[in-house]
Structures are given as structure tokens and as C-alpha cells.
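Novice: Quick one, fold the following:
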Amino acid sequence: MVENIIGMFKVHEKIYKRDIVGILVGSLITSLAYNVFIIPSGILSGGITGVAMLFYYTLGWDVSLLYLLLNIPILVIGMKYVSKRFGYYSILGTLSTTIFLFGTKTIQLQINDILLSGIYGGIFVGIGSGIVFRSKGSLGGTDIIAVVLKKFFGYSLGEVSLAFNILVISIFALLGNIQLAMYTMISIFVTSKMMDVVEVGWNTKKSVTIVSDYSEQISQTILTNLNRGVTLLEGKGAFSGSDKKVILCYVNRTELIRLKEIVGQVDSRAFMAIADAREVMGVGFNEIKSEF
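Specialist: Sure thing, here's the model as predicted:
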């Protein structure tokens, strides 16, 4: 019993160290992207950092200091409504980003193309933020606001981030920076895509639903030829009233073509619905790890 408890603490210690390192590395990459690509090009980033940059461009206030000041009330309010670990990790992310923003602001690269700077900035901000999210942390700002708003009003992180970014970009455009506002939108779009890639990976899985009168035969062929598990659901045709077996399975993108061939060979009149599955865990896919 005692050995199990000691082993559990050792595992958690490794997890916490890995998370902390991930947050620090992600914060450093994000801060470098801001100072090397985003700020020199005169465009904004998303979230609270974008607000700090807006004040920097208009009033000359220091981005790192303003970023910290804007996050303090958000962190104080958010700590009441988020989990302790997420709150502590958000404080770590905010403080490390503040330090790295200040410490790397003298690093410069000569890129005279604003669009290219925005794309590069979006890529590296997405990579850094994605690493932080994979480490179960955040860089403060809209992430914490979204958690609070979701608790009381049910809004998702994406909805809150989109609304906040639209507001900041609109103010930026009204100040006479219409062209830069468009470059900002492109950069933020690239950031969101890179965050998905880092958080989920390139090889997204496919969720496939198959309705056929030959469900049993198709299922056995999938099991034998693809070595993929399938689930048979009970279904009933609304028009015919006949009972049917509905097949549900998940495959890699590279296996999808073979799956289509299998279904077509057994029943060319079968119905197939294919959808993206952002992440699939379990036997044959990513292992479900108990990290909490």
C-alpha cells in the first residue's frame, strides 16, 4: 500500500515537471514570435496580448508590463472558478511570458514583408501556445475569461476568443489601420491552425458510420483485413421499418481508402457517413493515460 502511494507521487512529480517545462518552453517560443515577427511588423496578435500591443502602438506603453497588468485582475477573478492546477499553471504561463517578452525584445530579424512576418508569427505563436495547452496550462487572458463565461453562460473557448479578437481587430481598423487589421486576421488564423496541429497532431482520425443490409459481413471484413475494431448499433429504417445493424468505426486517414473499398465490394448500395475525429484514444490508437 505504502509503495503504491509513493509510486503515485513519483509519477505525478514527473508529470508536473513535464507540464512546467512545457509551459516554460511554450511561453518562450510565443514571446520570441511576438518580439521577432508580430510587433516589428506593426500587427496584432490575438487575446490580451493583442490589447497590450494596441496600447503599445498608440501610446508607446511597454507590452510585457501591460500584458502582466491586464492579466492580474483576470487571474484573481478566474482563480475562483477554475481548477487549482489550471489556475497555478495560468499564473506560471503569464509570469513566464511577461519575463520572456521583456527579455527577448531586443532580438530582431530583418523581414520587410508584413504578410510574411504575420504568417511566421502566427506559426510560432501557434506552436508555443499549442505546447502550453498540451501541458494543460494557458497564457492567461481570454482562456480564463472563457472558463468563467462558460460556467455562467455556456460559451465555448472558441466563441469567446473569436468575439474578443473581432472586437480588438475592429478597434485597430477604426484607428486607421485597415490593411494591418487584415494582416492581423491572417496571422491569427494561422495561429489557430498551428495550435490545432500541435495539440492534436497532423494525422486526424476519421469517424465512419455505415448502414447496410450486410453489416455483419462488412464488420468481419474490417476486423480481418484492417484489424480495426467495430461497434454494431441497433437501428431501424424510418421508411422501410426494417431493423438494421449500424456500423461505427474509427480509422486513420490512410486506412480510409481501404475501408471504402471493403464496403464497396460487399455492398455498393451501403450508406457511409465520414467525419473528422480530432482525437481518438483507446486500443489501437493513443493510449489513455491517467495523469491526474
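Novice: can you give me the helices in the stretch 101-250 of the chain?
Specialist: Using DSSP state H, counting those that start in this stretch, the helices of the stretch 101-250 of the chain run over residues 114-134, 142-153, 157-174, 178-200, 215-221.
Novice: Could you tell me how many residues sit around the closest residue to residue 118 other than its chain neighbours?
Specialist: The shortest distance from residue 118 to any non-neighbouring residue, by C-beta to C-beta, 6 or more residues apart in numbering, is to residue 187 (3.7 Å). (Glycine included, C-beta is placed from N, CA and C.) Neighbour count for residue 187, taken as other C-beta atoms under 10 Å: 28.
Novice: Contact partners for residue 187?
Specialist: Counting by C-beta atoms under 8 Å, 6 or more residues apart in numbering, residue 187 makes contact with 38, 43-45, 118-119, 121-122, 125.
Novice: how about TSV for the residues you listed, with neighbour count, distance to residue 146 and pLDDT added?
Specialist: As requested, these are arranged in TSV below (neighbours: other C-beta atoms under 10 Å; distance: C-beta to C-beta, whole Å; pLDDT from 0 to 100):
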residue	neighbour count	distance to residue 146	pLDDT
38	28	22	94
43	30	23	93
44	30	19	91
45	28	17	90
118	29	24	93
119	18	26	94
121	30	22	94
122	28	20	93
125	31	18	92
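Novice: And for the closest residue in space to residue 124 that isn't next to it in sequence, the neighbour number?
Specialist: Spatial nearest neighbour of residue 124, chain neighbours left out: residue 33 (3.6 Å); criterion: C-beta to C-beta, 6+ apart. When neighbours are defined as other C-beta under 10 Å, residue 33 has 26 of them.
Novice: ok, now which ones touch residue 33?
Specialist: 120-121, 123-125, 128.
Novice: sec struct for it, please.
Specialist: Here residue 33 is recorded as helix under DSSP: H, G, I helix; E, B strand; the rest coil.
Novice: Return the distance of it relative to residue 72.
Specialist: Using C-beta to C-beta, to the nearest Å, we find residue 33 at a distance of 23 Å from residue 72.
Novice: Quick one: end-to-end distance for stretch 267-276.
Specialist: Taking C-alpha to C-alpha, to the nearest Å, stretch 267-276 runs 23 Å from one end to the other.
Novice: Check which residues of it are buried.
Specialist: 267, 270 (16 or more other C-beta atoms under 10 Å).
Novice: got it, and stretch 167-177?
Specialist: Using 16+ other C-beta under 10 Å as the test for burial, stretch 167-177 gives 168-169, 171-173, 177.
Novice: Show me the contact partners of it.
Specialist: Here stretch 167-177 has contacts from 42, 44, 46, 50-51, 54, 58, 180-181, 184-185, 188, using C-beta under 8 Å, 6+ apart.
Novice: go again using 7 Å as the cut-off
Specialist: Here stretch 167-177 makes contact (C-beta atoms under 7 Å, 6 or more residues apart in numbering) with 44, 50-51, 54, 58, 180-181, 184-185.
Novice: Kindly report the same for stretch 102-120.
Specialist: By C-beta under 7 Å, 6+ apart, stretch 102-120 touches 31-32, 35-37, 40-41, 43, 64, 183, 186-187, 190.
Novice: of all those residues, which comes closest to residue 143?
Specialist: Comparing these against residue 143 with C-beta to C-beta places residue 31 closest, at 16.5 Å.
Novice: wait, what's in contact with that closest one?
Specialist: 97, 100-101, 104.
Novice: For residue 75, see how far away it is.
Specialist: Applying C-beta to C-beta, the value for residue 31 to residue 75 is 18 Å.
Novice: mind listing the strands in this structure by residue range?
Specialist: 205-212, 231-236, 243-251, 271-277 (DSSP state E).
Novice: follow-up on the earlier one: need the helices of the stretch 101-250 of the chain in JSON lines (columns: distance to residue 233).
Specialist: Shown next, in JSON lines, are these (distance: least, C-beta to C-beta, whole Å):
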{"stretch": "helix 114-134", "distance to residue 233": "33"}
{"stretch": "helix 142-153", "distance to residue 233": "31"}
{"stretch": "helix 157-174", "distance to residue 233": "30"}
{"stretch": "helix 178-200", "distance to residue 233": "26"}
{"stretch": "helix 215-221", "distance to residue 233": "10"}
